[in-house]
Structures are given as C-alpha cells and as structure tokens.
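Student: Got a sequence here, can you build the structure:
(2 chains)
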Amino acid sequence: MVTRPLVLGAVAYDAKVVTIWEGFRRYFLARDLPFDFVLYSHYERQVEALVGGQIDVAWNSPLAWVRTRRLAPLARAVAMRDTDRDLTSVVVVRADSPVRTPAELAGRAVGTGAVDSPQGTLLPLALLADTPVEVRRFEVGVGLHGDHVGGERDAARALAAGAVEAACMLDANHLLFSKEGTLPPGGTRVVAVTPHFDHCNFSVVADHDALDRFVTLLLAMDYADPATRPLMDLEGLTAWLPGRTDGYDQLEAAVDRFGFYGPAGEVAAAGYRP
Amino acid sequence: MDGHPPGTAEVDLGPLGLDGGGHLLVARALAPLPPGGRLRVTGSDGHLGVHLQAWARRRGHGVEGTTVVRGAADRQRLAGAVRAGEPGAVAGRADATWGLAARGALVEAGAPPLAGADLDERAVVWTELAPKLYAQAAAGQWDPATAIDWDPPALPGEVEAAVVQVMTYLVENEQAALAVPARFLGRIHPHFREVVQFLATQVADEARHVEVFTRRALLCGGELGISGAGGRASLQTLLDEPDWPTASFLLSALGEGTFLSLLSFLERRAPDPVTARIARLALQDEARHVAFAMGHLGEHLRAAPGLRSRLRAAVLRRHDALASTAGLADSVDDALVVLAAGAFTPAAIGAGWRRVRQLEVEMDEARRRRLVRLGFADAEATELSALHTRNFM
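Tutor: Predicted coordinates:
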C-alpha cells in the first residue's frame, strides 16, 4: 500500500499551470493515486529539487532534462506529450532579404528567444554555430527554458521591423506569428530548419512505489473523456506517450557547444540568472 | 503513383499557406479518412512543410514529410457530444449540460453545466403562444420619441396635478413589472428560447413605460406626486415571490390584468392627448404580457392541477401580508377621480367618482373572468378577485 504521495514538480510559467495540475491532481486522486504537486519559479530550482529527492517526478523542459541527466546519469524519462515529439525550429529572414543560406548571415544580427530557450535560441543557433553572427537575445522569462513565448515573439517583431536580419523560433510559433500578424503573411522566408527534436518529459531519478501507477494512469488519460480533455487542451496534447530519450542529442550537443551546462550539470552559461 | 502507399488521398493547396487558411482544405480532406488514413499535401507555399508538421502535431495527426497520417483527436473531441434537443421541438426538460447552446446544436461535453437556470421544465415555463407572442412583441416595439406627440397640454392646475399623481403611481408599478420578469429571465433555461425572448421584450416594454409615464409626469414642469407606503408594500410582495408560476400569476394574470382595465380607463378618460396616447401604447404591451401569462399558466395547470391550490394560497398569503396596509393610497384614488372628472365642479367630481367606482367593478369582473379561464370555480374566482391587492398591481 502506498503511504507517501507521489510528488510532482512543475514550473509556473503561466497562471494556467495551477488549473492544469489542480485538475490532473483530481484525476489521479479519483483513481486512488496519492498525488501532490509543487510549483517552481524556474527549471534550475526544479531540477535541483528532483535530484535532491524533494520531488519524485519533474515535468521537465528539454533543457531541464539535459541537466537532470548530467546531474543524475540514471535519470529516466517516463512519459511525454504526443506534441513533444519531432519538433523543429527555423531561422527565418524577411522575404526580400538577400540572405539565401545560413552562411550568408555572417556578420548580421540574428534575433533569438531567451538565453535558455532550446527552441528559440540554443537549437537554431547551433545551426549557425559555424557562422559568426551577431546574436540579439530577447530575454523574456529567463529560467523558464523558453516556455514563455514572449522572447520568440519579440524576436519576430524585431525581424518584421528590420531591426535584425533573421529570427529564430519554433515551427509552430512561426505559424502562430504568421497567422496572428506578428509576421506579415508570406513576408518571411525560412533559411534553416533544425532536425527533429523532442521537447518536455516527465523525468525521474529514483524509484517510487506509485511511479508505475502514475505512468499507467497518465497514458490512460483519454482525449474522449470530457472531464480531462479541457486539461489536455490547456497542456497542449491529445495523448500522453511513453517517454523516449533519443530526441535530445541535438540539444545535448548545443549545450556543450555553447557551454550552457558543464559536463556534471553545473550552470555554466555566462550571464544566465533565472 | 510516385511511391505513396495505395489509398493515400491528396490535396493540393496551390499557393495557399497554412498561415493563410490552408488548414481548412487539409482538415476537409482529412475528415472522411479513417484514423491512420494518409493524406498527401502538395502546394507551392514555401512554408508548407514546416507549417504542416506544426499544425498536424497540435491536432494529434502524424506527419511523414508532407503526408499527414490522420489521428482521432477531432472525433474524440465529439465522442460524447449530444444534441441540445431539436431546433423545431421543445424538450420536456432542458439539460443543464446543454448550457447556452442553441436549440439543436451539437454540444461538446466537458464544459461546466449551466448554473442558475433552475426553471428547466417545459410544463413550468413553456406556452405554445410564446413564439407568436414574441414575434408580435418584436414587431410592436415603439419609440417613445416618435410614437407620442409630446406637446405639453394646458390643463387646469388641479387636473394636471392629478395626472402627475397617477403617473407617479404608474411609474413605481411599472418598475415592479420590470423587475419581476427580469429576476426570472436568467433562471429560465435558454432551451425555451422564445420564452426568454418574450420576457426580454416584456422587460423592455416596462422600461419604455417607466420612461413615458415619467416624461408625462414632468411634461408641464411640476414636481412628481406621492409614493404611498401601502402601494410600495404591495409591490414588494411581488418582488419577494420566489416561485415563477406564482409570481407570473400575481404580477401578470392578476396585476397587469387589472392594469388593462386601468390603462383602458386612462385612455378613455384622459384629459389630454399625451396621457391618452401613452395609456393606449402601454395597454397594447400589457395585453401581450397578460396573454403570455394566461398561456403558460393554462398549460401548466392542465399538466399539474395541484398548482391551482398553490396559486390560491399565494393570493391569500399576499392578502394577509397586506391586511394592515392602506392599499391604494387616497392620493391615487382621488387623483383618478379628478382625472376622470376633468374639472373641479361638484357635477364633474361626482361623475369622476362614479367612473372610478365603475372602473373597480370592471377590474373585478375581468379578474374573475381570467381566474375562471384558469380553471377556478366561479365562487372561488369571486373570492380570490376580492382578495386581490387594493393597489391594483
């Protein structure tokens, strides 16, 4: 019999996080899984809490996963959203830009998201790693690992305004910014696309009696169930899938390339203050 | 074909991007496919590949290059959806989970049930007259600014003062007639759309009546008259009534029904054309309100004859509650006499007095007729009519 609740950590990047985890908590409790959650102000604090045994599961960003694995090599990813798989980021220029290839961005300004955004900064900049570009970071929500879309949106605005030659963003955000008018429809051109990468996962570093039950219940969550569908919509998924860890190699390489974390998981990025 | 598995459907977006509405064509082509079905998307938009995978991922579809593998999320979303009744038929009971959905809409499950709309039974709220009466009400709305010639009349001072007193009395009664349906409007399930619509017009009617009676009271520059304590006590009992059929019975079948006689009297006996005109316009509206109440109460009583004893008890209760109050204020009664007299001579006042007493007889007869139409026996109708508030409303 389980006596100690499974405690999950999540980062409070938006007010809706409370709604989501209050709702999921009700879902788990209704199915006899003792479950609590703790909200963190940024991912570094959450990762340290996971590794320190203060929480049992962390709803981790991809960058938080990379750090977790460096701090705790036996860490596992037990589940993820269907929408966490096979993402890409793009580097875009204005449609009338003379730039046709990433190499032609040499010496030019490139707008990115926050310093710790995998999709808005680290992964697309890795595409340009051999090109000497002037990086203009838009630091919104530092510590949230890019969960806050504001940095990418500011970079897109700067692109539209001509303040930067190129901007970096998630594929879905390029679609979003084009639809909402932040970027002029048809007014940008993609000059580089990352390979597919994976996004968030539920990370664990130690066993817990209820872990299997947590994963089983999570994977059983049904988009056809009207009680949980609104929560799944808020969290941005239509199904939970088993965790996989082969979609983070690109980010591992980018973290090394830019010295974001050291090999043992220490925070090494210059000027990174969550 | 060019290497695509057999059975792969195709859609060509031409130059249209997914940031320009192209997703509608993709979704339309995916709709008839079974989950797992494949759709090859072609087009010349430079962002097609990037946008297609982002769009598809968020909707639970897979993507292989520019081929979408259909997911099931859109069908799962509507798995438990039900119709909110039928557009052309009124359900016996409206479900709270239908919420504010249009009658007949396909309702996705998962939203909180409609709160506060506890009047959800057809037998309690519906009348077959509702659609027709609502249509009449919508067509019969009039503009106080243009429907009335607001030239100030030149009446003797005492007669003008009497008109002002009657208007003062009418305004507070119309305020009650506005507040009562307004209080129930939000409690009636919107499935009974025409009932809600009708009551909305009733509230708007009363708002206009408040305006025109106020405007007539102030037309000649005088002060407003007296608001009697007994009258307000009587109206408060209407506002306090929490039961919809009872409130409708007291307000509309009895109160507004009695006002039909009063407004008809004012139209006939008004000493000036403005008063006659506004009484006529208000009378037309009030007749609709009474017809609606008689309709839904009649149907309710046929379905639940036990309601009749509840209505009877309400009349007795209201009478007891008001037994120690003055009823119609002397100021109003006197004003009606002077208004009907038109002059301050013994002969005119005598005639006005007789006309007001005759009005009370007509009010009583009309109330008894309505009670009989609602199925009360003659003797009971006579008894209940006599117990109706002396304040008329």
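
Student: Now do the same contact list for residue B:185.
Tutor: Shown in contact with residue B:185 (CB atoms under 8 Å, 6 or more residues apart in numbering or on different chains): B:196, B:199, B:200, B:203. Quick note: C-beta positions are derived from backbone N, CA and C, even for glycine.

Student: show me what contacts the third one?
Tutor: By that I understand residue B:200. Per CB under 8 Å, 6+ apart, neighbours of residue B:200: residue B:185.

Student: what does the average pLDDT come to for the top helix by length along chain B?
Tutor: Using DSSP state H to define each element, chain B has its longest helix at helix B:273-303. Helix B:273-303 carries an average pLDDT of 97.

Student: in the helix or strand following it, what counts as buried?
Tutor: Beyond helix B:273-303 in the direction of the C-terminus, DSSP states H and E gives the next helix or strand as helix B:307-322. Neighbour-count burial for helix B:307-322 flags B:307, B:308, B:311, B:312, B:314, B:315, B:318, B:319, B:322 (criterion: 16 or more other CB atoms under 10 Å in any protein chain shown).

Student: tell me the domain ranges of chain A?
Tutor: A:6-84+A:198-258, A:89-193 (automatic domain parsing).

Student: okay, these in CSV with mean neighbour count, mean pLDDT and distance to chain B next?
Tutor: As requested, those are exported to CSV (neighbours: other CB atoms under 10 Å in any protein chain shown; pLDDT from 0 to 100; distance: least, CB to the nearest CB, whole Å):
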stretch, mean neighbour count, mean pLDDT, distance to chain B
domain A:6-84+A:198-258, 19, 97, 3
domain A:89-193, 21, 97, 3
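
Student: who wins for proximity to residue B:22 among those domains?
Tutor: Checking the domains of chain A against residue B:22 by CB to CB gives domain A:89-193 as the closest, at 10.5 Å.

Student: Quick one: closest of the domains of chain A to residue B:345.
Tutor: domain A:6-84+A:198-258 (76.5 Å).

Student: Check the offset of the closest one from the chain's centre.
Tutor: 11 Å (CA atoms, centre = their mean, to the nearest Å).

Student: Could you do stretch A:252-261 as well?
Tutor: 15 Å.

Student: if we can go back for a sec, buried sites along the longest helix of chain B?
Tutor: So helix B:273-303, judged by 16+ other CB under 10 Å, has buried residues B:274-275, B:277-283, B:285-290, B:292-301.

Student: do the same with stretch A:255-268
Tutor: For stretch A:255-268, by 16+ other CB under 10 Å, it's A:255, A:258, A:260, A:261, A:265.

Student: And for stretch B:383-391?
Tutor: B:383, B:384, B:385, B:387, B:388, B:389, B:390, B:391.

Student: List just the nearest of the residues you listed to residue B:235.
Tutor: Using CB to CB, the buried residues of stretch B:383-391 come closest to residue B:235 at residue B:391, 7.2 Å.

Student: show me the contacts for the closest one.
Tutor: Per CB under 8 Å, 6+ apart, neighbours of residue B:391: B:173, B:230, B:231, B:234, B:235, B:322, B:327, B:328.

Student: Skip the chain neighbours and tell me the closest residue to it.
Tutor: In space, residue B:391 comes closest to residue B:234 once its chain neighbours are excluded; the distance is 3.8 Å by CB to CB, 6 or more residues apart in numbering or on different chains.

Student: Mind putting the buried residues of stretch A:255-268 into TSV with secondary structure?
Tutor: Putting the buried residues of stretch A:255-268 into TSV (DSSP: H, G, I helix; E, B strand; the rest coil) gives the following:
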residue	secondary structure
A:255	helix
A:258	helix
A:260	coil
A:261	strand
A:265	coil
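
Student: and residue A:10, what element?
Tutor: strand A:6-11.

Student: If you count contacts, what does that strand end up packed against?
Tutor: If you count contacts as 3 or more CB pairs under 8 Å, 6 or more residues apart in numbering or on different chains; DSSP states H and E, strand A:6-11 packs onto helix A:16-30, strand A:35-40, helix A:43-51, strand A:57-60.

Student: Ok, which of those comes nearest residue B:263?
Tutor: helix A:16-30 (54.2 Å).

Student: between that closest one and strand A:35-40, how many degrees?
Tutor: On the basis of axes from the mean of the first three to the mean of the last three CA atoms, to 10 degrees, helix A:16-30 is oriented at 160 degrees to strand A:35-40.

Student: got a list of contacts for helix A:16-30?
Tutor: Under CB under 8 Å, 6+ apart, the answer for helix A:16-30 is A:6, A:8, A:10-12, A:35-37, A:39, A:214, A:217, A:221, A:227-228, A:230-231, A:234-235.

Student: do that again at 7 Å, thanks
Tutor: If you take CB atoms under 7 Å, 6 or more residues apart in numbering or on different chains as the criterion, helix A:16-30 is touched by A:10, A:35, A:37, A:39, A:217, A:228, A:231, A:234, A:235.

Student: Report the contact partners of the fourth one.
Tutor: Read it as residue A:39. So residue A:39 contacts A:10, A:12, A:17 (CB under 7 Å, 6+ apart).

Student: same thing with the fifth one?
Tutor: Each residue near residue A:217 by CB under 7 Å, 6+ apart is listed here: A:28, A:31, A:33.

Student: hmm, back to that, need the residues that contact the strand holding residue A:10.
Tutor: A:17, A:21, A:33-40, A:42-43, A:46, A:49-50, A:55-59, A:144, A:147, A:208, A:210-211, A:214.

Student: Show me what from chain B comes close to chain A.
Tutor: B:17-20, B:46-47, B:50-51, B:53-55, B:57-58, B:60, B:71, B:73, B:76-77, B:79-80, B:109-110 (CB under 7 Å from any CB of the partner chain).

Student: 8 Å - rerun?
Tutor: B:17-20, B:46-47, B:50-51, B:53-55, B:57-60, B:63, B:71-73, B:76-77, B:79-80, B:108-111 (CB under 8 Å from any CB of the partner chain).
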